[in-house]
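Engineer: Sharing a model that was predicted from the sequence below.
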There are 2 protein chains.
Amino acid sequence: MSYKIGLSDLERDGGTSLTRQLVERFAAAIDSGALAPGEKLPTTRALAAEAGINHLTAARVYRRLAELGYVTASVGRGTFVRSAPPAAAAEEGDEWQSYVLPERPMSYLESVVADAFRLPREPGMLSLSTGWPSPRTYPTPELARIAAEVFEEEGGEAISYLTAEGLFGLREQLARWGGDCGFATDPDEIIVTSGARQAIDLCARAVLEPGDVVAVESPTFVGFLSSLRATGARLIGLPVDDQGLDTDALERLLARHEVKLLVLQSACQNPTGTDLSPQRRRRVAELAQERNFFVLEDRVYAALRYEGEGVPPLRALAPSHVIYVNSLSKTVGGGLRVGWLAARGPVRDRLAMLKLETDFHTTTLAQHIAARFLAAGGHERQLRRSIGFYRERRDALLEALERHLAGEYRARVPRGGHHVWVRLERPLDERALYREAARRGVTFTPGGIVTVERHAQTHFRLSFPLLDPEELDEAVRRLARAIREVRRQDRHAATMPLS
Amino acid sequence: MSYKIGLSDLERDGGTSLTRQLVERFAAAIDSGALAPGEKLPTTRALAAEAGINHLTAARVYRRLAELGYVTASVGRGTFVRSAPPAAAAEEGDEWQSYVLPERPMSYLESVVADAFRLPREPGMLSLSTGWPSPRTYPTPELARIAAEVFEEEGGEAISYLTAEGLFGLREQLARWGGDCGFATDPDEIIVTSGARQAIDLCARAVLEPGDVVAVESPTFVGFLSSLRATGARLIGLPVDDQGLDTDALERLLARHEVKLLVLQSACQNPTGTDLSPQRRRRVAELAQERNFFVLEDRVYAALRYEGEGVPPLRALAPSHVIYVNSLSKTVGGGLRVGWLAARGPVRDRLAMLKLETDFHTTTLAQHIAARFLAAGGHERQLRRSIGFYRERRDALLEALERHLAGEYRARVPRGGHHVWVRLERPLDERALYREAARRGVTFTPGGIVTVERHAQTHFRLSFPLLDPEELDEAVRRLARAIREVRRQDRHAATMPLS
């Protein structure tokens, strides 16, 4: 054999497995004709001895070659190079998939969302597109200590299966928190989810059917739009002003449509940073009870408040109608993937069953860590420690806008959260701006992907948590230059429609 | 105040929050009339002083009472007991939800699956219904050490957001494993999921539309049936014999229907424990390529083999057509929720986008732990350590069946996995048996929930990993008595249909 296949120089440092190296060498020898069709290969024992590998590895090499169609084995006779050309599994084309899969072109929204997870990691890119907590605020040492405690005290329970609703100890902590601020009164109301993102997706799937009407704040969190649209429901946008969701618009909508679900953020709304006023909050609860629709209340930024009184959850007023959603992703760390929802009645049972049928339950270890972190008061400490950090960045972003775009934009000072919602005084082609900005090393969230309806005006969302004040200044400087470049390129661009 | 509401005996040990205790006392006083409508409450400062709490807590108590409708606050005047009866949010009924939610009665399948997660934890219950790894085999100390390493070496990365596809280091480990045994060749093919359960659900949602035809092994894993049915697809069952999926039946089905997806387990099939023969494996790959349908290949039990040669993944033969799914849940620990899929082409991109829109990505910490566990050879060590444990239990279960039900049943010796598939020689009412067995302290998986079509015969799945040999004997003894009791109760029960 050794005259046809070199076996002396196998890499044994573990970079590539021995099996794989040998398979590749045999395959290359057969492809090149060095090993001819019909030729008999050495026994596995002989191969093992010659290559200095164990017998099981040698057998695995031949098995893999057989799978790939290079050799055939015949009991009692041995292993032979196949006469037919290999089935060439690797050469199988993928075009057929497009004919078979449901029609669903990658949307503008999807491509921008995928960018939001990819671009911030590119070197030199300044991201104004992501509302993540800053890694510099992570309570990593505390979580490390708690994780060690969990393994020490819980043993195998740390990696055991749970019921779909999640770890009872965590649900107790959340219900206690909920009792204090009004989002829940009993652990039975709580279902732990993989982030608020999953809670939103489960809620959309549990409540909506194709053709149902959903009212949603516009602008809003992009994840609402994708999960709601995936159900086949009809989305209708409602404006948000400095008192939060416009309840008069909601009433006009209710006069015309039977609304199945209303989706809102009652505090530190993403992206406007506004709060729902006490009067409107009561009105939403009354309307939900009068007209019997569900409300999905997302509170992921509610605790990140820089000014103003806290807004109590809507769910305190209408616990049967409101499905409350929150997480630790914006305050502690998004990679934990610990979120929850609070609901009661038949919809709670549907949500629990759907969670079970989606992924059984959320990672046990992360739930134990979160329960102990909350019980030890870690979340409040974390908020106290990080609020100043984010407020400083919010202010730096607002200053940078004044410095580089004075007179060209309008923006409201967000009371909380990670975003500033900006409107340009003169419209331009939003997609061209997005591309030009990325070329200049800055990303943002185009208004078109977080609004339900098309706008003649140009909006965008700028998120500040991941950049330092100087970086925020540089990012806005790049953005301002991109805006001027796009205006220069197309003097006629005025009201390009989004699609 | 103190003559109306006792404030001296507040619990300060943290069992119930002070806010909650005070809210409850005020509410009770208002409900009982001790505090009359229109009565003015002390200022928050006075309350704080009298109750020995801080001012913010006192303010929170009044805010919460206002939310609940017990009091109204009027700027400059103070806080008053409301004259109108409280809006009684808590008394809001839930009946309206049933009129609004999509019609979807809790199915027999769903109730049995929910039991499978609940019943094993009840005292005295012997569970033959769950295919979980035994906590006694968990590599807890090794995982604890790795978790500490992750925090030490990765810092904040341990809880950071990732791209939807998952941690690249884990995908590299999986691709290396995949290269050795044939399920993948490149990290780009791998998407990390929250268990194989989520991979299955994503696959069903990405590939299927209402009315599509899906061919599925019958009996099979119950999770397939719920995820596939939820898409509105039409399910058609194919028999499984001692060579695995019946490919002749598949060909007959293909002659009549355009199949969009075939779902199977190619090794240690759940629940029959059989392998797909080499000849049938090739035939399935050829048919998929000729007719262009997707194959969902689930391998969660493939590594838990007690006898026979390993079966290479089907995906090695048709990588564009096969979506491969696996996890660490049956071998390491189900609570980790680390699974993955391997796919390529447009369907891979759809799956990644759907993962992003479902829950962003799987918990970062668990992915780091899994990557290091695999890199250190932990998975192979874990298999070597636990195979004997499970084989002993399989054999004990088979012996117990012979001891307590000789002549009354048929069962195939499973080559791997956690289950024995049993057929009773004489049919009986499966649901009555399920109830009677639970009453006697033993649970099992009724055949009706893991088969697509109704059967005249009575089957059930018995799972052995969680019980010791003596417990397995006792569990089968209880089951045998339940069988006799059901036969006694209804001499006429013969071919009760399942629904």
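Structural biologist: Great, that's in hand. Residues are numbered from 1 along each chain as shown, chains lettered A, B, ... in the order given.

Engineer: List the buried residues for the top helix by length along chain A?
Structural biologist: Under DSSP state H, the helix in chain A containing the largest number of residues is helix A:378-405. By 16 or more other CB atoms under 10 Å in any protein chain shown, the buried positions in helix A:378-405 come out as A:378-379, A:382, A:386-387, A:390-391, A:393-394, A:396-398, A:400-401, A:404-405. Yep, even glycine has a C-beta here, placed from its N, CA and C like the rest.

Engineer: Can you tell me which of the residues you listed lies closest to chain B?
Structural biologist: Using CB to the nearest CB, residue A:382 comes nearest to chain B of the buried residues of helix A:378-405, at 11.8 Å.

Engineer: ok, the nearest residue to the closest one once chain neighbours are set aside - contacts?
Structural biologist: Leaving aside its sequence neighbours, residue A:382 sits nearest to residue A:139 (CB to CB, 6 or more residues apart in numbering or on different chains; 5.4 Å). Shown in contact with residue A:139 (CB atoms under 8 Å, 6 or more residues apart in numbering or on different chains): A:332, A:373, A:378, A:381, A:382, A:385.

Engineer: What strand or helix carries the residue nearest to residue A:405 when sequence neighbours are not counted?
Structural biologist: Using CB to CB, 6+ apart and skipping the chain neighbours, the partner closest in space to residue A:405 is residue A:480 (5.2 Å). Using DSSP states H and E, residue A:480 falls within helix A:469-489.

Engineer: Next to chain B, which bits of the stretch 201-350 of chain A? Give me the list.
Structural biologist: Counting by CB under 8 Å from any CB of the partner chain, the residues of the stretch 201-350 of chain A close to chain B are A:201, A:206-209, A:223, A:226-227, A:230, A:260, A:289, A:292-294, A:312, A:316-321, A:332-337, A:344-347, A:349-350.

Engineer: and the nearest residue to residue A:34 once chain neighbours are set aside, what pLDDT?
Structural biologist: Using CB to CB, 6+ apart and skipping the chain neighbours, the partner closest in space to residue A:34 is residue A:4 (5.0 Å). At residue A:4, the pLDDT value in this model is 72.

Engineer: Below-threshold pLDDT in chain A: ranges please.
Structural biologist: Along chain A, the model assigns pLDDT under 70 to residues A:1-3, A:14, A:74-75, A:84-91, A:105-106, A:492-499.

Engineer: domain ranges for it?
Structural biologist: What automatic domain parsing lists as the domains of chain A is A:18-100, A:108-132+A:381-495, A:138-376.

Engineer: about what we covered before: in CSV, list the contacts of residue A:139 along with distance to residue A:58.
Structural biologist: CSV is the format used below for the contacts of residue A:139 (distance: CB to CB, whole Å):
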residue, distance to residue A:58
A:332, 50
A:373, 51
A:378, 54
A:381, 58
A:382, 55
A:385, 58
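
Engineer: what two of those are the furthest from one another?
Structural biologist: The span of those, defined through CB to CB, is set by A:373 and A:385 at 13.4 Å.

Engineer: Show the backbone phi and psi for residue A:453.
Structural biologist: phi -100, psi 160 (degrees, to the nearest 10).

Engineer: again, but for residue A:438
Structural biologist: phi -60, psi -40.

Engineer: go on, the one 4 residues further on?
Structural biologist: Reported as degrees, to the nearest 10, the phi and psi values for residue A:442 are phi -140, psi 140.

Engineer: That one pairs with what?
Structural biologist: residue A:126 (DSSP bridges).

Engineer: what's the answer for the one 4 residues further on, then?
Structural biologist: Beta-bridge partners for residue A:446, by DSSP bridges, are residue A:460.

Engineer: how many neighbours does residue A:419 have?
Structural biologist: As a burial measure, residue A:419 scores 30 neighbours (other CB atoms under 10 Å in any protein chain shown).

Engineer: ok, now which ones touch the residue nearest to it when sequence neighbours are not counted?
Structural biologist: In this structure, residue A:419 finds its nearest non-sequential neighbour in residue A:271, 4.3 Å apart by CB to CB, 6+ apart. By CB under 8 Å, 6+ apart, the contact list for residue A:271 reads A:219, A:220, A:221, A:417, A:419, A:420, A:421, A:445, A:450, A:461.

Engineer: what separates the fourth one from chain B, distance-wise?
Structural biologist: When CB to the nearest CB, to the nearest Å is the yardstick, residue A:417 and chain B sit 17 Å from each other.

Engineer: residues near that residue, how many?
Structural biologist: 30.

Engineer: Distance check, it against residue B:240.
Structural biologist: With distances taken as CB to CB, to the nearest Å, residue A:417 is found 53 Å from residue B:240.

Engineer: How about the first one?
Structural biologist: Separation of residue A:219 from residue B:240 (CB to CB) stands at 52 Å.

Engineer: Next up, identify which helix or strand residue A:341 is on.
Structural biologist: Judged by DSSP H and E, residue A:341 forms part of strand A:339-342.

Engineer: Tell me the helices and strands packed up against whichever helix or strand comes after that strand.
Structural biologist: Using DSSP H and E, the helix or strand that follows strand A:339-342 in sequence is helix A:346-359. Packing partners of helix A:346-359 (3 or more CB pairs under 8 Å, 6 or more residues apart in numbering or on different chains; DSSP states H and E): strand A:190-193, helix A:195-207, helix B:95-100, helix B:108-118, helix B:195-207, helix B:222-230.

Engineer: How about residues contacting the next helix or strand after the last one?
Structural biologist: The helix or strand immediately downstream of helix B:222-230 is strand B:234-238, counting by DSSP H and E. Outside of strand B:234-238, the residues that reach it under the criterion CB under 8 Å, 6+ apart are B:211-218, B:220, B:225, B:228-229, B:245-246, B:249-250, B:253, B:257, B:451-453.

Engineer: Buried by neighbour count, from the residues you listed: which ones?
Structural biologist: B:212-218, B:220, B:225, B:228-229, B:245-246, B:249-250, B:253, B:451-452.

Engineer: Out of those residues, list just those in strands.
Structural biologist: Here DSSP state E is the test, and the buried ones among the contacts of strand B:234-238 give B:213, B:214, B:215, B:216, B:217, B:245 as lying in strands.

Engineer: which one of those sits closest to residue A:70?
Structural biologist: Distances from residue A:70 to those, taken by CB to CB, are shortest for residue B:245, at 25.7 Å.

Engineer: which ones are touching the closest one?
Structural biologist: B:217, B:238, B:239, B:264, B:276, B:280, B:284 are the contacts of residue B:245 under CB under 8 Å, 6+ apart.

Engineer: Please spell out the PyMOL selection for the buried subset of those.
Structural biologist: Listed next is the PyMOL selection for buried residues among the contacts of residue B:245, using 16+ other CB under 10 Å:
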select buried, chain B and resi 217+238+264+276+280+284
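
Engineer: Show me which pair in the contacts of residue B:245 is furthest apart.
Structural biologist: The span of the contacts of residue B:245, defined through CB to CB, is set by B:239 and B:284 at 14.2 Å.

Engineer: just to revisit the earlier point, the longest helix of chain A versus helix A:469-489: what angle between them?
Structural biologist: Calculated by axes from the mean of the first three to the mean of the last three CA atoms, to 10 degrees, helix A:378-405 forms an angle of 40 degrees with helix A:469-489.
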